[in-house]
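1. model this:
(3 chains)
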Amino acid sequence: MTAPIALIDCNNYYVSCERAFDSSLVGVPVIVLSNNDGCAIARSAEAKALGIKMGDPVHLLRDKIRAHGIRVLSSNYALYGDMQRRVIAACDAFARDFEIYSIDETFLDLSGFEGQDLVAHANAMRARVRKWTTIPTCVGIGTSKTLAKLGNAAAKKNPMFDGVADLRDDGVRTWVMDRFPVGDVWGVGRATARKLEALGIEHAGALRDMPMKQARAVGTVVLERLVAELRGVPSDVVETIEPRRKGMAVTRSFGTPVTDFPTLFGALSQYAMRAGEKLRSHGLVAGRLTAFFHTNQHKPDRPQYAGSRTVSLHPMTSDSLELIAAAKRGAERAWRDGYAYTKAGVMLDDLVAADLRPRTLFEAGTEKRDRLMNAIDEINGRFGKFAAVTASQGFKREWKMRSEMRSPSWTTDLNEVPTVRAR
DNA sequence: TCTGGGGTCCTAGGACCC
DNA sequence: TCTGGGGTCCTAGGACCC
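-> Numbering: from 1, shown residues only, chains lettered A, B, ... in the order given. A predicted model of the protein is given here:
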């Protein structure tokens, strides 16, 4: 018998995190915005009921926000990341192993628990998460990740399941799959959904019954594997060791458009600095850096330009000052005057563990610079992100992204922890 | 005026090699 | 008139995810 896999998923995760520390947000419509306060990326049930969609630009929602008193928040990733750790801790005793899939979703390997009533088991886990974090969750159970995902979606959509759907039951599985739109299946995006619907495949059940050869022809090995997973034949396992990262990026939209090179370079310097920090925290070095920037692609009637250059890093490095220099070389080559740039970024590729990196002939010692980087990381860790900066980052940072409605760092900054006063 | 950020995997096609 | 066959490696771009 195949070991059961569960997926636990936090409901309206960012909104639920915000509500944990601000009870005035409970029971009213709430949305949380993307970086730069651009679009709605998390909505409370009340906000969804008002027709607000994932990714709706907030500037088109102004009337609705005013009319319904919708509460609007900037995203606070320090809070969401910290709450995630608490959710995982609450689940710890309920599974043999975990795969953290995203900030609000975790796959659980339930082998060893087969003998139990897994719906009751899942409910006990949900109760603990709720008690420790206040966050509501749903759980799906199946014999493959795709079926666990499907069960989770069903549990979320249909109140009948009361938060937990166990698709190992033949009757339940068939009932769900015959009603589940093919485009909502995990791994079926817009393009594939359109092709499938043209073939008359509209529900998950029909996708499951599609001949394997046809699946491969329509959607390559990816769709073929997906069909196998829907049949309960796992082609993907719960991965308990973190895979080695292949690339890394730091990109941002600007709060106000940028038209001159020094200002652009200021932003890129900061992103390269942050990218170096990320590399060092993972013990990696990079072999290539790409600097890019572009104009506002949502306004095709305005002059458009997208510049991008990739620079090789040898020796491979995680030194922020080297990354800044490389970003400058790339950006200089790609730069064109006369445009209003609204977004830029730095991407790193060819990542290798620092101690395995290839040495170059005549390589100079890096101990001094390593110590400098360590010192910068420590200062910024202790005194805040921008305590130690390079001159190239500039001090005005007029391009910095908007985040005007961010909640405090309730759990990660001692100066902002909530206080309770006795009367 | 105002539209996110950060990933993965797969395929096709070109460069290059013997 | 004839003008190989098969590998590998790399990159760009598409599709998808949250």
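2. can you give the domain ranges for chain A?
-> Domain assignment of chain A by the TED database yields the ranges A:10-142+A:156-161, A:247-360+A:384-393.
3. mean pLDDT lowest where, among those?
-> Mean pLDDT is lowest for domain A:247-360+A:384-393 among those, at a mean of 92.
4. same for the helix or strand harbouring A:Met347, what does it pack against?
-> In the assignment (DSSP states H and E), A:Met347 maps to strand A:341-349. Counting by 3 or more C-beta pairs under 8 Å, 6 or more residues apart in numbering; DSSP states H and E, the packing neighbours recorded for strand A:341-349 are strand A:248-258, helix A:261-281, strand A:284-295, helix A:320-334. For every residue, glycine as well, the C-beta is placed using N, CA and C.
5. give the buried residues for the shortest one.
-> So the one you mean is strand A:248-258. For strand A:248-258, the neighbour count (16 or more other C-beta atoms under 10 Å) marks A:248, A:250, A:252-255, A:258 as buried.
6. wait, does the strand holding A:Met347 contact DNA strand B?
-> Yes. Judged by C-beta under 7 Å from any atom of the strand, strand A:341-349 and DNA strand B are in contact via A:342-343, A:345.
7. that strand pairs with which strands?
-> For strand A:341-349, the paired strands and their directions (DSSP bridges) are strand A:248-258 (antiparallel), strand A:284-295 (antiparallel).
8. re the thing from before, could you list which of the residues of strand A:341-349 next to DNA strand B also contact DNA strand C?
-> Within those, nothing lies near DNA strand C by C-beta under 7 Å from any atom of the strand.
9. quick check, nearest of the residues you listed to DNA strand C?
-> DNA strand C lies nearest to A:Gly345 out of these, by C-beta to the nearest atom of the strand, at 15.1 Å.
10. contact partners for that closest one?
-> A:249-252, A:271, A:291-293 (C-beta atoms under 8 Å, 6 or more residues apart in numbering).
11. and A:Ile41, helix, strand or coil?
-> strand (DSSP: H, G, I helix; E, B strand; the rest coil).
12. can you count the residues close to the residue nearest to A:Lys145 when sequence neighbours are not counted?
-> Excluding its sequence neighbours, the residue lying closest to A:Lys145 (C-beta to C-beta, 6 or more residues apart in numbering) is A:Asp236, at 5.2 Å. When counting by other C-beta atoms under 10 Å, one arrives at 15 neighbours for A:Asp236.
13. circling back to that earlier point, of the domains of chain A, which is nearest A:Arg371?
-> domain A:247-360+A:384-393 (11.2 Å; C-beta to C-beta).
14. tabulate the buried residues of strand A:248-258 (TSV), appending distance to DNA strand B.
-> Listed next are those as TSV, based on distance: C-beta to the nearest atom of the strand, whole Å:
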residue	distance to DNA strand B
A:Met248	4
A:Val250	4
A:Arg252	4
A:Ser253	4
A:Phe254	8
A:Gly255	9
A:Val258	12
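15. contacts with DNA strand C among those residues, please.
-> Checking those against DNA strand C (C-beta under 7 Å from any atom of the strand), there are no matches.
16. so what's the closest residue to A:Met210 other than its chain neighbours up against?
-> Among residues not flanking A:Met210 along the chain, A:Val227 sits closest, at 5.7 Å (C-beta to C-beta, 6+ apart). By C-beta under 8 Å, 6+ apart, A:Val227 lies in contact with A:207-208, A:210, A:212, A:215.
17. sorry, back to before: which SS class is the residue nearest to A:Lys145?
-> Going by three-state DSSP, the secondary structure assigned to A:Asp236 is coil.
18. ok, now the one 4 residues further on?
-> Classification of A:Thr240 into helix, strand or coil gives coil, according to three-state DSSP.
19. can you tell me who the closest residue in space to it that isn't next to it in sequence pairs with across the strands?
-> Using C-beta to C-beta, 6+ apart and skipping residues adjacent in sequence, the residue nearest A:Thr240 is A:Asp97, 4.5 Å away. Beta-bridge partners of A:Asp97, counted by DSSP bridges, are A:Asp109.
20. what about A:Asp97, how many neighbours?
-> There are 14 residues near A:Asp97, going by other C-beta under 10 Å.
21. thinking it is in contact with A:Gly112, fair?
-> No. Between A:Asp97 and A:Gly112 there is no contact, the gap being 9.8 Å when judged by C-beta atoms under 8 Å.
22. what's the residue in the stretch 1-150 of chain A positioned nearest to DNA strand C sitting at in phi/psi?
-> Residue nearest to DNA strand C within the stretch 1-150 of chain A: A:Ser102 (3.2 Å; C-beta to the nearest atom of the strand). When read as degrees, to the nearest 10, the backbone of A:Ser102 gives phi -150, psi -180.
23. distance-wise, check it relative to A:Gly81.
-> Counting by C-beta to C-beta, to the nearest Å, the separation of A:Ser102 from A:Gly81 is 12 Å.
24. kindly report the same for A:Ser23.
-> From A:Ser23 over to A:Gly81 (counting by C-beta to C-beta), the distance is 22 Å.
25. what bridges to the closest residue to A:Ala331 other than its chain neighbours?
-> Leaving aside its chain neighbours, A:Ala331 sits nearest to A:Ala291 (4.6 Å; criterion: C-beta to C-beta, 6+ apart). Beta-bridge pairing of A:Ala291 under DSSP bridges involves A:Arg309, A:Val346.
26. tell me who's in contact with A:Ala291.
-> A:268, A:308-309, A:311, A:326-328, A:330-331, A:334, A:344-346.
27. ditto for A:Asp349
-> Contacts of A:Asp349 (C-beta under 8 Å, 6+ apart): A:246-247, A:286-290, A:310.
28. re the thing from before, to A:Glu416, which of the strands paired with strand A:341-349 lies closest?
-> strand A:248-258 (22.7 Å).
29. what angle sits between the closest one and helix A:261-281?
-> On the basis of axes from the mean of the first three to the mean of the last three C-alpha atoms, to 10 degrees, strand A:248-258 is oriented at 160 degrees to helix A:261-281.
30. what's in contact with strand A:248-258?
-> Residues contacting strand A:248-258 (C-beta under 8 Å, 6+ apart): A:35-36, A:38, A:264, A:267, A:271-272, A:274-275, A:278-279, A:284, A:286, A:292-293, A:296, A:340-348, A:351, A:398-402.
31. now swap in stretch A:82-99 and tell me
-> With C-beta under 8 Å, 6+ apart as the test, stretch A:82-99 has contacts from A:6, A:8, A:10, A:17, A:20, A:100, A:103-104, A:106-113, A:121-122, A:124-125, A:128-129, A:131-133, A:135, A:137, A:238-240, A:411-412.
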